[in-house]
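Q: I would like the atomic coordinates for the input below:
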Amino acid sequence: MSAPFDPALQQASTVCLPPGDWNTVLDCLSEHFKAVGREGWLDRFQRGRVLDATGQPVPANLPYQRGLRLHYFREVPNERPIPVQEVVLHADDHLVVVDKPHFLPVTPTGEYVEQTLLRRLIRQLDNPHLIPRYGNRPYLVGANYVWGWEMNRLARELTANAGGEVLGERYLPLEETAVERIVSDIEQRRPSFILNNLIGPSSYAFHEAIRRLADRDAAFRPENCPVVSCDLMECELDDIAPGAAIGQLCAASYFDSVATSENTDFKQRIVAHYGVPRRVSSVFASAYTAVRLCVDAIVAAGGDEPSAVRRELHGKSWATPFGALNIDQETNHAALPFHLGRINTQNGFDVIASRPPLAADPYLTGRNKPALPKLRVVS
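A: Sure thing, here's the model as predicted:
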């Protein structure tokens, strides 16, 4: 059973429709919130950004009902940045202490939403990006093999836990580029965002088709309904039609643009070796890191006896292009950081959210480990 919809958790505002003689909820909201305007409200309805008490999108032509409780997401087009910076003095699971500068609003109000202390802290401390910003009704696409199946299985679980609904789930054979039927279905179902686990040419064709859809329907622009990929890398962006993927998102444990001292040093060594700068993909960084850790552990162990090498790997934190890494003793996998990148005009990624390394879960079962049976002795 999915969790009940919690507007506070989803950062949604709430309104109870006032007395009046309007025909539809769109008529009521357009007059009650004149600053947004009728076109603005209609756009929000079309993007599923106006919800009922259960968290489900409502249609713009829903008949007006006095006292009807609706939830919506405040948006400020072209919000101006506030050039001051808060400082987190302390943060744990129960308490956050912040030094707030003057002139920084605490909660969304007036002409500020994202440039408020609350939204800044959410991005900095927890980074809940997709569902709070876009909604809990994703559409899932993937390559028809175990990677796509498993990633979308996890997405279904996370969506259900957020009280949401997966609007569609479609798969393509590897390297299949006939994406038109999927895009047509997406256009009809109008999801909050699209999770993309397609591979290679399939993913490139999909991004290009979504861009064509966005050109004729603004609801599918990246700022409204982003495509979020889980395996798109810098070295692939040149294979997508120019401009087609700008603004779309990608999740990864490494981007060339990650601003850490370890990554800066790593890229300088690459330039020294190859003679020219080059964009580094997560595959390149992973291969290098795996070999580097293996060699360093063998040297530290004084030989290549497997158990001795494993003891060295498990016994310390390793400086890598990913940052400081620890190897899990149970799985022999690394705990990796999370980064969310947005594709920019230079065919690179701007990192817009990050989280510290997450515990290794190579078989994707950690969130739902079954309880072990309790045994009792009988005679």
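Q: Return the set of buried residues in the lengthiest helix in the chain.
A: Counting residues, the longest helix in the chain under DSSP state H turns out to be helix 282-301. By 16 or more other CB atoms under 10 Å, the buried positions in helix 282-301 come out as Ser282, Phe284, Ala285, Ser286, Tyr288, Thr289, Leu293, Asp296, Ala297, Ile298, Ala301. Any C-beta I mention is one placed from the backbone N, CA and C, and that applies to glycine too.
Q: what's the answer for stretch 265-281, then?
A: Phe266, Lys267, Ile270, Arg279, Val280, Ser281.
Q: follow-up on the earlier one: which residues does the longest helix of the chain contact?
A: Residues from elsewhere that reach helix 282-301, judged by CB atoms under 8 Å, 6 or more residues apart in numbering: 233, 235, 252-255, 266, 304, 308-313, 318, 320-322, 325, 327, 334.
Q: So how do I select the buried members of these in ChimeraX?
A: Filtering the contacts of helix 282-301 down to the buried ones (16+ other CB under 10 Å) takes a single ChimeraX command:
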select :233,235,252,253,254,255,266,309,312,313,318,320,321,322,325,327,334
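Q: So which of the contacts of helix 282-301 are in helices?
A: Per DSSP H, the contacts of helix 282-301 map to helices at Phe266, Ala308, Val309, Arg310, Arg311, Glu312, Leu313.
Q: of all the residues you listed, which comes closest to Gln248?
A: Phe266 (25.9 Å; CB to CB).
Q: For the stretch 51-200 of the chain, which residues score under the pLDDT cut-off?
A: Across the stretch 51-200 of the chain, residues meeting the criterion (pLDDT under 70) sit at 91-94, 123-128.
Q: Could I have the CA atoms of stretch 156-168 written out in PDB?
A: In PDB, the C-alpha atoms belonging to stretch 156-168 read as follows (Å, rounded to 0.1, in the frame of the first residue of the first chain):
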ATOM      1  CA  ARG A 156       8.000   1.800  -9.300                       C
ATOM      2  CA  GLU A 157       8.800   1.200  -5.700                       C
ATOM      3  CA  LEU A 158      10.000   4.700  -5.000                       C
ATOM      4  CA  THR A 159       6.900   6.200  -6.800                       C
ATOM      5  CA  ALA A 160       4.500   4.000  -4.700                       C
ATOM      6  CA  ASN A 161       6.300   5.000  -1.500                       C
ATOM      7  CA  ALA A 162       5.800   8.700  -2.500                       C
ATOM      8  CA  GLY A 163       2.000   8.100  -3.000                       C
ATOM      9  CA  GLY A 164       2.400   8.400  -6.800                       C
ATOM     10  CA  GLU A 165       1.400   6.500  -9.900                       C
ATOM     11  CA  VAL A 166       3.500   5.200 -12.800                       C
ATOM     12  CA  LEU A 167       1.600   6.400 -15.900                       C
ATOM     13  CA  GLY A 168       3.300   4.100 -18.400                       C
END
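Q: in the stretch 1-150 of the chain, which spans are strands?
A: Using DSSP state E, counting those that start in this stretch, the strands of the stretch 1-150 of the chain run over 13-16, 50-51, 69-72, 87-91, 96-99, 139-143.
Q: Export those strands to TSV and append columns for distance to Asn196.
A: Converted to TSV, the strands of the stretch 1-150 of the chain look like this (distance: least, CB to CB, whole Å):
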stretch	distance to Asn196
strand 13-16	30
strand 50-51	25
strand 69-72	27
strand 87-91	33
strand 96-99	34
strand 139-143	6
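Q: Minimum distance to Pro7: which of those strands has it?
A: Closest approach to Pro7 among these is made by strand 69-72 (4.7 Å; CB to CB).
Q: where exactly do the helices run in the stretch 101-250 of the chain?
A: In the stretch 101-250 of the chain, the helices defined using DSSP state H, counting those that start in this stretch lie at 117-125, 130-134, 146-161, 180-189, 201-216.
Q: okay, now His314: neighbour count?
A: Counted with other CB atoms under 10 Å, the neighbours of His314 add up to 14.
Q: next one: the one 3 residues further on
A: Counted with other CB under 10 Å, residues neighbouring Ser317 total 12.
Q: Now do the same contact list for it.
A: Ser317 sits next to Ala324, Leu325, Asn326 when contact means CB under 8 Å, 6+ apart.
Q: Domain boundaries for the protein, per the record?
A: 13-72, 87-126, 131-252, 261-337 (automatic domain parsing).
Q: Now tabulate the helices of the stretch 101-250 of the chain in a markdown table and tack on mean neighbour count.
A: Listed next are the helices of the stretch 101-250 of the chain as a markdown table, based on neighbours: other CB atoms under 10 Å:
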| stretch | mean neighbour count |
| --- | --- |
| helix 117-125 | 16 |
| helix 130-134 | 20 |
| helix 146-161 | 16 |
| helix 180-189 | 15 |
| helix 201-216 | 20 |
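Q: Redo these as JSON lines? Include distance to Val351.
A: Supplementary listing: those in JSON lines, determined by distance: least, CB to CB, whole Å:
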{"stretch": "helix 117-125", "distance to Val351": "12"}
{"stretch": "helix 130-134", "distance to Val351": "16"}
{"stretch": "helix 146-161", "distance to Val351": "21"}
{"stretch": "helix 180-189", "distance to Val351": "27"}
{"stretch": "helix 201-216", "distance to Val351": "20"}
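Q: Just tell me which of these ends up closest to Asp239.
A: Shortest distance between Asp239 and these, using CB to CB, is found for helix 201-216: 5.3 Å.
Q: list the helices and strands the closest one packs on?
A: helix 180-189, strand 194-197, strand 227-229 (3 or more CB pairs under 8 Å, 6 or more residues apart in numbering; DSSP states H and E).
Q: what lines up beside the last one in the sheet?
A: So the one you mean is strand 227-229. strand 194-197 (parallel), strand 249-252 (parallel) (DSSP bridges).
Q: before we move on, back to that, closest one to Ile122 among the strands of the stretch 1-150 of the chain?
A: Set against Ile122 and scored by CB to CB, the strands of the stretch 1-150 of the chain come closest in strand 96-99, at 10.5 Å.
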